[in-house]
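Participant: structure, please.
(3 chains)
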Amino acid sequence: MKFYEESDLPIYIQVAEWLENEILRGQFGPDDKIYSQYQLADLFTINPATAGKGLSILFENDILYKKRGLGMFVTPHARSVILSKRKNEKLTLLVNGIVDEAERLEVPFDELIDMLNRAKMKNIGERQE
Amino acid sequence: MIECKKLSKKYRSHSALSNLNCIIRENTITGVIGRNGAGKTTFMKLIAGYLKKTSGELRVMEENPFTSLKVSANSIFIDDQMSLPTSLTLRELLNSFARFYPNWNEPLAKELMTYFQLPQKAYVQNLSKGMRSTFHAIIGFAARCPLTIYDEPTTGMDAAVRKDFYRALLKDYLAYPRTILLSSHHLEEIENLLEDVLIIHNQNAFMHLSVSELKESVVAVKGDKAAVSEFTSMHNKLSINEVVPGMAMAIVQVNNYIRRENFPKLTFSNLTANEAFIYLTDSQEGGIDRVFERSELD
Amino acid sequence: MSLNEVSLIDVVKKQVQFKVKSYTGIFHSLIILQFLGLFISTLGEGSMTEPGYGRSISVSYFSSSVLMGMTAMWLFLNTLLLTTRAYRDDDFTFVSTRWSRLLANFIFMILLALLGTVTSFLALNVLKVYLFLRNDDLILTNSLTFSETISSTLVLLSYLILISAAAYSIGSIIQRNKWVGIGISLFLIVLGAISVDSVGTPINFLIYFIMHESSLVLLLLKISITSGILFFISWVVSDSQEVRL
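Facilitator: The predicted structure follows:
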């Protein structure tokens, strides 16, 4: 399992994002025990301290909580925290980029909305197949 | 585990290490990184008790490694030039190590010998360079020493074996945490394994930090020439070049986290740990060519 | 990971075991040399023939000095080799300090001297048997009593240990500084050659002090003290020796 080499983000951030994706995917529900730093280290061949750093980011963001001696668990509201965080950070960034690019290419705003709609329809179509 | 204060080592006329300070914590994997001739091997041989320091202070396991039986019994130094008697077969050599090192993991040694297809009855002098390095690495894993030092352990190994080596090193570390020093020319190959990086540059401990700190300490900025120079004036500039008239690209060492949204006119990109290391230790002003050769450095 | 406490005695024991196991070449060379020595000895050292009236007496001398000399040479050279870089680096690949290595090497040297003594005596007896079988002439041997055999064995053993200790100190000095070591050796050889027979020189005094002692106990004591001094010199010289340079 290799995912970090394509990206130039620090590994611990990639670990945190990967775990968030796993939670979004439903692999881990509320109050489920998440991978330990040693499991993560083994999974990705990374130093356990780095993996631990990834976990502590999620802990600080209230996505995980600690049970003494038992490990880290997913908080009941983890999903919504991740969603709103992603919306605020990643999606905002992407949207800003789209708007910038559209202005550069002189695409009118209405047309941009149309493009977004089309992308949405395409996704729905794919899901129905 | 290891403490150095103003550690210096001179050979006859030339100095190999001067005034090196560092503390290496127990049960960490530390990468010892440096350009050729920076003093990495000297540093590690001092720790192993092979060499005698010229001045300064060096404590390993709270003792002077040069005279300490405790350090010798609890540490092992692995490199491609390990001195082994030529009269013993690989099997007999492993048996010898097993007698000397109380933590010896015989099942692991056996399995690894089979996995890497090393013939038990062969002699070290008949092994190829890569096979020999592999054999030494197996000794390093199986000895399970509280302090394990690998100096360029992958010399001669092919890419597949190198990958296996790193994986084995990590798995073994997870099972039996210990203090590991690992030097390599290929920082990009080992950076994920490391907790800390000790950069030795000009015979000195130039930087001692975590891999992510190293990565974050150097950024590339691109944009309007004026904006770039304004930005570089606030930080330690490692290299700057005009890409096209009016557009500049700079490599900058930063001391604290940069909020990129505060600099809308600039494009930031991260460097790999290896690139960061190269820029930090480059004595000449790096040219624009370097930036374009980034793919080659990888 | 918790640190292992090790005792010096334990490490020295393991180092000696390791040397016995891995320095096979030393043992092979002894066997070859003993056979060679045996062969040369059978040729005899000298003979004289006394013509007489109608009969002549022919006397041949045989002695074990060639055998002993070869054993001594073997021990000297191999001890010298023990101090060389290859052996030193090998030791530090495993668990070792300079002090434990010195102790292990000295114990190993004593083992070698013991082996040299035993095989020399065995070879000597082989020589006697051979001569006995070859000739039906009169054989005169200086037959020794049991206690004489023991004491001559002890003397040979202690001389071999002394030779070994001397070789080790010379080797250690050479390892520290080639020129100083070679200089000292040359000085000793020249001085020895000049002054073996002349009274009053240091070498002569040394030889007289060690060789010309009629009391067994005193002889052994003197050899022990001299070996001890040589051991001390080896320690001083090798205690700060670096490895894997």
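Participant: can you pull out the helices in chain C?
Facilitator: C:8-22, C:24-42, C:65-82, C:85-93, C:98-134, C:146-176, C:178-195, C:202-211, C:216-238 (DSSP state H).
Participant: tell me which residue in chain C sits closest to chain B.
Facilitator: Per Cβ to the nearest Cβ, C:Asp89 is where chain C lies closest to chain B, at 3.4 Å. C-beta here means a position set from N, CA and C on the backbone, and glycine is covered the same way.
Participant: number of nearby residues for the residue in the stretch 1-150 of chain B that chain C sits nearest to?
Facilitator: As assessed by Cβ to the nearest Cβ, chain C sits closest to B:Ser83 within the stretch 1-150 of chain B, at 3.4 Å. B:Ser83: 18 surrounding residues under other Cβ atoms under 10 Å in any protein chain shown.
Participant: likewise B:Cys4?
Facilitator: Neighbour tally, B:Cys4, other Cβ under 10 Å: 23.
Participant: and the strands in chain A?
Facilitator: Assigned by DSSP state E, chain A shows strands spanning A:64-67, A:71-74.
Participant: what residues of the last one count as buried?
Facilitator: Yep, that's strand A:71-74 we're talking about. Across strand A:71-74, burial judged by 16 or more other Cβ atoms under 10 Å in any protein chain shown covers A:72-74.
Participant: what of the first one?
Facilitator: When burial is assessed from 16+ other Cβ under 10 Å, strand A:64-67 yields the following buried residues: A:Leu64.
Participant: return the list of helices and strands in contact with that strand.
Facilitator: The contact analysis (3 or more Cβ pairs under 8 Å, 6 or more residues apart in numbering or on different chains; DSSP states H and E) places strand A:64-67 against helix A:48-60, strand A:71-74.
Participant: cool, the last one as well?
Facilitator: Based on contacts counted as 3+ Cβ pairs under 8 Å, 6+ apart, the elements that strand A:71-74 packs against are helix A:48-60, strand A:64-67.
Participant: how about the ones you listed in TSV, adding mean pLDDT and distance to B:Ala98?
Facilitator: Formatted as TSV, the helices and strands packed on strand A:71-74 follow (pLDDT from 0 to 100; distance: least, Cβ to Cβ, whole Å):
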stretch	mean pLDDT	distance to B:Ala98
helix A:48-60	90	28
strand A:64-67	86	41
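Participant: so which of those is the most surrounded?
Facilitator: Greatest average neighbour count among the helices and strands packed on strand A:71-74 goes to helix A:48-60 (a mean of 20), per mean count of other Cβ atoms under 10 Å in any protein chain shown.
Participant: domain map for chain A?
Facilitator: A:11-76, A:79-128 (automatic domain parsing).
Participant: separation between B:Leu181 and chain A?
Facilitator: 14 Å (Cβ to the nearest Cβ, to the nearest Å).
Participant: whoops, C:Asn125 was the one
Facilitator: Applying Cβ to the nearest Cβ, the value for C:Asn125 to chain A is 67 Å.
Participant: same check, this time on B:Arg59
Facilitator: 23 Å.
Participant: show me the beta-bridge partners of that residue.
Facilitator: B:Glu3 (DSSP bridges).
Participant: correct me if wrong: it contacts B:Glu3.
Facilitator: Yes. In terms of Cβ atoms under 8 Å, B:Arg59 counts as a neighbour of B:Glu3; the distance is 4.5 Å.
Participant: show me which residues of the stretch 101-250 of chain B are close to chain C?
Facilitator: Contact residues (Cβ under 8 Å from any Cβ of the partner chain) of the stretch 101-250 of chain B with chain C: B:101-103, B:144, B:146, B:176-179.
Participant: just those now: which is nearest chain A?
Facilitator: If you rank those by distance to chain A using Cβ to the nearest Cβ, B:Pro177 comes first, at 8.3 Å.
Participant: give me the phi and psi angles of the nearest residue to that closest one once chain neighbours are set aside.
Facilitator: In space, and not counting its chain neighbours, B:Pro177 is closest to B:Asn27: 4.5 Å by Cβ to Cβ, 6 or more residues apart in numbering or on different chains. The phi and psi values for B:Asn27, taken as degrees, to the nearest 10, are phi 60, psi 40.
Participant: next, count neighbours for B:Asn27.
Facilitator: Counted with other Cβ under 10 Å, residues neighbouring B:Asn27 total 16.
Participant: check contacts around it.
Facilitator: By Cβ atoms under 8 Å, 6 or more residues apart in numbering or on different chains, the contact set of B:Asn27 is B:177-179, C:1.
Participant: now it: how far from A:Ser56?
Facilitator: 18 Å (Cβ to Cβ, to the nearest Å).
Participant: likewise C:Ser158?
Facilitator: Between C:Ser158 and A:Ser56 the distance is 70 Å, computed by Cβ to Cβ.
Participant: repeat for C:Ser240
Facilitator: 48 Å.
Participant: can you put the residues of the stretch 101-250 of chain B next to chain C in JSON lines and add secondary structure?
Facilitator: Formatted as JSON lines, those follow (DSSP: H, G, I helix; E, B strand; the rest coil):
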{"residue": "B:Tyr101", "secondary structure": "coil"}
{"residue": "B:Pro102", "secondary structure": "coil"}
{"residue": "B:Asn103", "secondary structure": "coil"}
{"residue": "B:Arg144", "secondary structure": "coil"}
{"residue": "B:Pro146", "secondary structure": "coil"}
{"residue": "B:Tyr176", "secondary structure": "coil"}
{"residue": "B:Pro177", "secondary structure": "coil"}
{"residue": "B:Arg178", "secondary structure": "coil"}
{"residue": "B:Thr179", "secondary structure": "strand"}
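Participant: tell me where the longest helix sits in chain A.
Facilitator: helix A:109-128.
Participant: quick one: mean pLDDT for that helix?
Facilitator: For helix A:109-128, the mean per-residue pLDDT is 85.
Participant: ditto for stretch B:257-277
Facilitator: 78.
Participant: equivalent analysis for stretch B:66-85, please.
Facilitator: Averaging pLDDT along stretch B:66-85 gives 92.
Participant: please save the CA atoms from that stretch in PDB.
Facilitator: The C-alpha trace of stretch B:66-85 is given here as PDB (Å, rounded to 0.1, in the frame of the first residue of the first chain):
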ATOM      1  CA  PHE B  66      36.100   3.300  23.800                       C
ATOM      2  CA  THR B  67      36.700   1.300  27.000                       C
ATOM      3  CA  SER B  68      33.200   0.100  27.800                       C
ATOM      4  CA  LEU B  69      32.400  -3.600  27.800                       C
ATOM      5  CA  LYS B  70      28.800  -2.700  28.300                       C
ATOM      6  CA  VAL B  71      28.600  -0.600  25.100                       C
ATOM      7  CA  SER B  72      30.300  -3.300  23.100                       C
ATOM      8  CA  ALA B  73      28.000  -6.000  24.400                       C
ATOM      9  CA  ASN B  74      24.900  -3.900  23.800                       C
ATOM     10  CA  SER B  75      25.800  -2.500  20.400                       C
ATOM     11  CA  ILE B  76      26.600  -3.700  16.900                       C
ATOM     12  CA  PHE B  77      28.100  -1.800  14.000                       C
ATOM     13  CA  ILE B  78      27.000  -3.000  10.600                       C
ATOM     14  CA  ASP B  79      28.600  -1.900   7.300                       C
ATOM     15  CA  ASP B  80      29.800  -3.400   4.100                       C
ATOM     16  CA  GLN B  81      33.400  -3.800   5.400                       C
ATOM     17  CA  MET B  82      32.500  -5.700   8.500                       C
ATOM     18  CA  SER B  83      35.600  -7.800   9.500                       C
ATOM     19  CA  LEU B  84      34.700 -11.500   9.600                       C
ATOM     20  CA  PRO B  85      37.000 -14.500   9.900                       C
END
